[in-house]
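A.B. asks: I would like the atomic coordinates for the input below:
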Amino acid sequence: MIHSVTVKGITIGEGMPKVIVPIVAADREDILEKAEEIRFLNVQMVEWRADFYEDVADPEKTLGTLRALRKALGSKLLLYTFRSSGEGGNREIAADEYRALNLAVADSAQADFVDVEVFSLGVNARSHIAEIHHRGAYVIGSSHDFEKTPKKEELVRRMRWMQEVGADIPKLAVMPTCTKDVLDLLDATREMTEAYADRPVITMSMAPLGVISRLSGELFGSAMTFGAVGSVSAPGQIPVDQLNQCLTIFHNAL
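C.D. replies: From the prediction side, this is the model:
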């Protein structure tokens, strides 16, 4: 049985998939300008992709911008993410710096969720997630493959492992090379949520070929989806207004 996650009155894992919008700007002024644009839109969570931030190597500046971003977003949920280049991000980072930055963000109490690259951390993933929890933040455990879609069995295994090491919401993003890849991702999501999951999961098949996976989460079991307000953080994200229309169509039909 899946137990939903409720943060600041937003329940993830029930009803329509909740919408996440990324901010990928490089400087503080543009980050806050984008936050003001998003603040009154019909989205539930904002992801700050800190790997795009030009001053991310300076923890004091990063935390200062995070505090300003938290204020600018009002009541919207905030997800802090440093996506490493190995998983499709904008820059590389040493493992110890990555962990330290995640913990500093969790300590600040400014981000509701922290993204953790579970498979990049390997054996350290479980303890790192526990440390973030101890500091009061939720964790979206993530795994990305920007080259291919692994076999369905591997997709399910990855989601089960992210759940096993303590991620509050496992997230899986893969690149399709054919329509069967998209179907495999959707069926892996279905199997995970029907047979193994005790918490919400997020899945997506990227690029235009996989756009159906961003729209049909309520049917197959993905609890959140990414939309775009201007810049995108991954291929295949569609504008938020179109995304909300499609999610509503699916919801009303179901």
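A.B. asks: C-alpha only now, for contacts and for neighbours.
C.D. replies: OK.
A.B. asks: Could you check how far residue 14 is from residue 222?
C.D. replies: Distance of residue 14 to residue 222, given as Cα to Cα, to the nearest Å: 10 Å.
A.B. asks: Name the residue in those two with the higher neighbour count.
C.D. replies: A side-by-side neighbour count of residue 14 and residue 222, using other Cα atoms under 10 Å, places residue 222 first with 29 against 17.
A.B. asks: separation between that one and residue 102?
C.D. replies: 25 Å.
A.B. asks: Likewise for residue 83?
C.D. replies: 11 Å.
A.B. asks: Those two: which is more packed in?
C.D. replies: Using other Cα under 10 Å as the criterion, residue 83 and residue 102 rank with residue 83 on top: 23 against 20.
A.B. asks: for that one, what are its contacts?
C.D. replies: Counting by Cα atoms under 8 Å, 6 or more residues apart in numbering, residue 83 touches 49-51, 89-91, 117.
A.B. asks: How about the backbone phi and psi for it?
C.D. replies: In terms of degrees, to the nearest 10, the main-chain angles of residue 83 are phi -90, psi 120.
A.B. asks: One more: residue 127?
C.D. replies: Per-residue torsions, residue 127: phi -70, psi -40 (degrees, to the nearest 10).
A.B. asks: That one: how many residues sit nearby?
C.D. replies: 13.
A.B. asks: How much space separates it from residue 103?
C.D. replies: With Cα to Cα as the criterion, residue 127 and residue 103 are 12 Å apart.
A.B. asks: likewise residue 54?
C.D. replies: From residue 54 across to residue 103, the span is 20 Å (Cα to Cα).
A.B. asks: for the least confident helix or strand in the chain by mean pLDDT, packing partners?
C.D. replies: Lowest mean confidence among the helices and strands of the chain (mean pLDDT, DSSP states H and E): strand 238-239, at a mean of 92. Packing contacts for strand 238-239, counted by 3 or more Cα pairs under 8 Å, 6 or more residues apart in numbering; DSSP states H and E, involve strand 224-228.
A.B. asks: The strand it packs on packs against which elements?
C.D. replies: strand 18-23, strand 202-205, helix 211-215, strand 238-239, helix 240-253.
A.B. asks: Mind putting those into JSON lines with mean neighbour count and distance to residue 8?
C.D. replies: Formatted as JSON lines, those follow (neighbours: other Cα atoms under 10 Å; distance: least, Cα to Cα, whole Å):
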{"stretch": "strand 18-23", "mean neighbour count": "24", "distance to residue 8": "13"}
{"stretch": "strand 202-205", "mean neighbour count": "28", "distance to residue 8": "19"}
{"stretch": "helix 211-215", "mean neighbour count": "22", "distance to residue 8": "24"}
{"stretch": "strand 238-239", "mean neighbour count": "18", "distance to residue 8": "25"}
{"stretch": "helix 240-253", "mean neighbour count": "15", "distance to residue 8": "21"}
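A.B. asks: lowest-confidence stretch among the ones you listed?
C.D. replies: Note on the helices and strands packed on strand 224-228: lowest mean pLDDT is at strand 238-239, with a mean of 92.
A.B. asks: Just the residues contacting it, thanks.
C.D. replies: 227-230.
A.B. asks: Which of those are buried? Put it as a ChimeraX command.
C.D. replies: Buried subset of the contacts of strand 238-239, written as a ChimeraX selection, criterion 16 or more other Cα atoms under 10 Å:
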select :227,228,229
